[in-house]
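Structure for the following, please:
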Amino acid sequence: MLVRVEGIVIRSMDYGENHKIVTLLTNECGKAGVLIRGAKKVRSKHASLAQPFTYGEFLLFRGNSGLGTLNHGEIIQSHHDLRMDLDLAAYASYAAELTDRALQDDEAGSYHFHQLLACLAALQEGKDPGIVLNVYEMRILDMSGYAPVLEQCVHCGNVVGPFKLLPHAGGVICSRCASRASDAIPVSENALKLLRLFSKLDMRRLGNINVSLHTKTEIQTCLSSLMDAQLGLRLKSKQFLDQLGKLN
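As a prediction, this is how the structure comes out:
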C-alpha cells in the first residue's frame, strides 16, 4: 500500500552498504520507520531526504512489517543551516533525539509534529537556542503527560510563595513543605514566572525572549532536573550539549 506523508527526519542510521533507515515524525501517522534505498550513494536522488532535520513529503510503500520503503519524496524544508553550524546542529539533534525517545509511536500526532517543526524553525531563525530548547523541553514534558505543577504547592495546594522546585514530585512546593524536602531547588520569582510562561507557550507563537544569564542558568537547572526526574532519559545529544557548556 502506498502512503503519502509529511514528515521530519528525527533519526537516521546506516543500513547495509548503500541504504539508510530513517525515523520520521509525521503530521498524521505518528512516528514511522522508512528504508531509503541507495541513500548512501553519492549520486542518490534520495540522499538529501535521509538527512537529519529534513522536512519533506514522503511517498512510502508500507507492508505488514511496519517498516516503510521510500518510493518518492520531495523536500519542503531542508534545514541545511542547522546541519552546517556545530552549535545549532547540537541543539537540533537534542530536540530530535528527545522527541524520538520521549514519544511512543502511537502517541505522536499533528500537534507534536508542528511543535518540533516550529522548534527547528526558531533555531534556524536565530532565536536564543537555549530558550528555544527550554520551551521545547516544557512541551515534551506536557506531551508526555508530565507537565509540572507551577501555580501552587504540589503537596498542599498553597498558592502563596515563595516556592522551591521539587523535581521528583513534578512541581513546586511552598516554604512550609520545603522545610521537609532537603532536595528542593531554590527558584527565584523571575525564573518561576518564565517557567510558568514556558509551560503554556506554543512553539509556533515563540518570539524573542531576552533573559539574563543568571535567570537562564536557573531555568536550565530546573528543567534539566525535571527532565531527569520525570522522563529519566540518557541522551547522547544532551551529553554533548553539556560538554559544550550549552545546557546544564
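
residue nearest the centroid of the protein?
Computing the C-alpha centroid of the chain and ranking residues by C-alpha atoms, centre = their mean puts residue 95 first, at 3.4 Å.

pretty sure that residue contacts residue 116?
Yes - at 6.5 Å, residue 95 counts as touching residue 116 under the criterion of C-beta atoms under 8 Å. Using the backbone N, CA and C atoms, a C-beta is placed for each residue, glycine as well.

which strands and helices sit next to the helix or strand containing residue 120?
Taking DSSP states H and E as the criterion, residue 120 maps to helix 110-124. Here helix 110-124 touches strand 2-15, strand 19-26, helix 80-84, helix 86-102, helix 129-143, going by 3 or more C-beta pairs under 8 Å, 6 or more residues apart in numbering; DSSP states H and E.

Now that helix: average pLDDT?
Averaging pLDDT along helix 110-124 yields 97.

Could you pull out the buried residues of that helix?
112, 113, 115, 116, 117, 118, 119, 120, 121, 122, 123, 124 (16 or more other C-beta atoms under 10 Å).

I would like the residues contacting that helix, please.
Applying C-beta atoms under 8 Å, 6 or more residues apart in numbering, the contact partners of helix 110-124 are 6-8, 10, 25-28, 53, 55, 77, 79, 81-82, 88, 91-92, 95-96, 99, 103, 129, 132-133, 135-136, 139, 143, 202-204, 206.

what do you get if the cut-off is 6 Å, keeping everything else the same?
Applying C-beta atoms under 6 Å, 6 or more residues apart in numbering, the set of residues contacting helix 110-124 from outside is 8, 25, 27, 53, 79, 81-82, 88, 91-92, 95, 99, 129, 132, 136, 139, 143, 203-204, 206.

what's the angle between that helix and strand 2-15?
50 degrees (axes from the mean of the first three to the mean of the last three C-alpha atoms, to 10 degrees).

for the record, mean pLDDT for stretch 20-31?
93.

what's the answer for stretch 4-16, then?
Rounded mean pLDDT across stretch 4-16 is 95.

Offset the numbering so it begins at 25, please.
All right, first residue 25 from here; so that's stretch 28-40.

Now find how far off-centre it is within its chain.
Remark: stretch 28-40 is offset 16 Å from the chain centroid, using C-alpha atoms, centre = their mean, to the nearest Å.

cool, and stretch 37-56?
The answer for stretch 37-56 is 18 Å, by C-alpha atoms, centre = their mean.

so who does residue 51 touch?
30, 134, 137.

would you list those residues in a markdown table and tack on distance to residue 222?
Below are the contacts of residue 51 laid out as a markdown table (distance: C-beta to C-beta, whole Å):
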| residue | distance to residue 222 |
| --- | --- |
| 30 | 27 |
| 134 | 22 |
| 137 | 20 |
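
Thanks again, I'm all set now.
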